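Novice: any chance you can model this:
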Amino acid sequence: MPIVNRVADLQPDIAAWRRDIHENPELLYDVHRTAAFVADRLREFGCDEVATGLGKTGVVGVIRGKKPAGDGDVKVIGLRADMDALPIHEETNLPYASKTPGKMHACGHDGHTAMLLGAARYLAETRNFAGDAVVIFQPAEEGGAGAAAMIKDGLMDRFKIDQVYGMHNGPGLPLGSFAIRPGPIMAATDAIDFTIEGHGGHAARPHICIDPVVAGAQLIIALQSIISRNVDPLESAVISVCEFEAGNARNVIPQTVKLRGTVRTLRPDVRDLVEKRIREITAGVAQTTGTKIDLHFERGYPVTVNHATQTDNAIKIAKEIAGDNNVHETPPMMGAEDFAYMLEARPGAFIFCGNGDSAGLHHPAYNFNDDAIVYGTSYWIKLVENTLAA
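Specialist: Presented below is the predicted three-dimensional model:
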């Protein structure tokens, strides 16, 4: 495989950084130890600039090539990794398992950070490109919109980023392979919360009560008709109500029911349609059941949309690393990713790197595969060298 030879030499160091980060997981924006670790490494590597505190705890390193980019060429390329962990209790029993109960790197952000550090080390040593490589280490991907926070703090303009790229490991995707597609690759995610007020009372006398449990059940079923009867069958959307909080006794009709769930869509017009129909159906169920239903609909991450030219570039680089037969076109995924904000701000592409036969993301037995390091790190390096050809 045409991985970068120097990366194979660096693999033990990169794996050691990854395991150190894995042992010390931090959540959302509270990634102070990880951010300090990253910043210290970038300074050791000789980055031309190391900036901290973007988006509260984000870190950015700038590595300048041997010469400036020419007129009309891409001058600055941004590479992004996420640093935060998840509020999950680890069940791997690994020697480097989390030292903090209830926190775990269950999505591989430890591997993402370590691979980008490895690429930064190589690029700072060689500088075999024209222009600037900007390595971006982001907090709060897991629900905190850290990408948006870094952009708000001036990430794109301050470092004059022309194109931006992201990468995520893929459990079940063979080791040494990549998966990508142009256009929508990951879904928008919105939160739905319902509070249903009825009139509680004795379970044996439902006729003098207004039962919010029945209203909640009707609402859940009715919401599914949006997907089957309002959304074009050739489009994708998901409505999942995952929490149903009601009552505390078998013979008491409760006063209040709370439902919580998520909405996933792949196109802005479908997103608008689904929100509209959720509001209409909620009002209808309230009227027919005699309950009062309060709906809180909160829009979250937008659709992650890969730009065509940059996706073609990413595919070319991935094939150079893994071979033509090991770069696959993936169908869109209904999970969400806040790299979407960066792709709204600049053209770029998001790719998946094979993690082999591992437990799934967000699972307590998940572990990033250190054998994937050489592929992901090589991809970052070649992406810079080829995009910013000297």
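Novice: contacting residues for Phe137?
Specialist: Taking C-beta atoms under 8 Å, 6 or more residues apart in numbering as the contact definition, Phe137 lies against Ala35, Val38, Gly58, Val59, Val60, Gly61, Arg80, Ala81, Asp82, Met83, Thr113, Leu116. The way it works is simple: take the backbone N, C-alpha and C, and place the C-beta from them, glycine included.
Novice: okay, the fifth one and Lys67: tell me how far apart.
Specialist: Computed with C-beta to C-beta, to the nearest Å, the distance linking Val60 and Lys67 is 22 Å.
Novice: neighbour count for these two, which is higher?
Specialist: Neighbour comparison, Val60 and Lys67: the larger count goes to Val60, with 28 against 12 (by other C-beta atoms under 10 Å).
Novice: name the nearest residue to that one, sequence neighbours excluded.
Specialist: Ala51 (4.5 Å; C-beta to C-beta, 6 or more residues apart in numbering).
Novice: equivalent analysis for Arg267, please.
Specialist: In space, Arg267 is closest to Glu235, 6.5 Å off (C-beta to C-beta, 6+ apart).
Novice: next: Lys382.
Specialist: Nearest to Lys382 is Ile317, by C-beta to C-beta, 6+ apart, at 4.9 Å.
Novice: tell me, how many residues neighbour the one you found?
Specialist: Every residue meeting other C-beta under 10 Å relative to Ile317 is counted, giving 25.
Novice: SS state for it?
Specialist: helix (DSSP: H, G, I helix; E, B strand; the rest coil).
Novice: just the pLDDT at it, thanks.
Specialist: At Ile317, the pLDDT value in this model is 97.
Novice: and whichever helix in the chain runs longest, what's buried?
Specialist: The longest helix of the chain (DSSP state H) is helix 268-289. Within helix 268-289, the residues that count as buried by 16 or more other C-beta atoms under 10 Å are Val270, Arg271, Leu273, Val274, Glu275, Arg277, Ile278, Ile281, Thr282, Val285, Ala286, Thr289.
Novice: so who does the first one touch?
Specialist: Read it as Val270. Val231, Asp232, Glu235, Ser236, Ala237.
Novice: am I right that the first one is in a helix?
Specialist: Going back to what we said before, that points to Val231. No. Counting by three-state DSSP, Val231 falls outside a helix, being coil.
Novice: ok, the closest residue to it other than its chain neighbours - contacts?
Specialist: Among residues not flanking Val231 along the chain, Ala237 sits closest, at 4.8 Å (C-beta to C-beta, 6+ apart). By C-beta under 8 Å, 6+ apart, Ala237 lies in contact with Ile226, Ile227, Val231, Val263, Arg264, Thr265, Leu266, Val270, Val274.
Novice: now with 6 Å?
Specialist: Ile227, Val231, Thr265, Val270, Val274 (C-beta atoms under 6 Å, 6 or more residues apart in numbering).
Novice: and which of the residues you listed is nearest Ala120?
Specialist: Thr265 (35.4 Å; C-beta to C-beta).
Novice: any idea which element the residue nearest to Val60 lies in?
Specialist: strand 49-54 (DSSP states H and E).
Novice: and Ala203, how many neighbours does it have?
Specialist: Residues near Ala203, counting by other C-beta under 10 Å: 15.
Novice: quick check: closest non-adjacent residue to it.
Specialist: Asn251 (4.4 Å).
Novice: flag every buried residue along stretch 45-56.
Specialist: Result for stretch 45-56 [16+ other C-beta under 10 Å]: buried residues Phe45, Cys47, Val50, Ala51, Leu54, Gly55, Lys56.
Novice: correct me, but the third one touches Val60?
Specialist: Same thing as Val50. No. Between Val50 and Val60 there is no contact under C-beta atoms under 6 Å: 7.4 Å.
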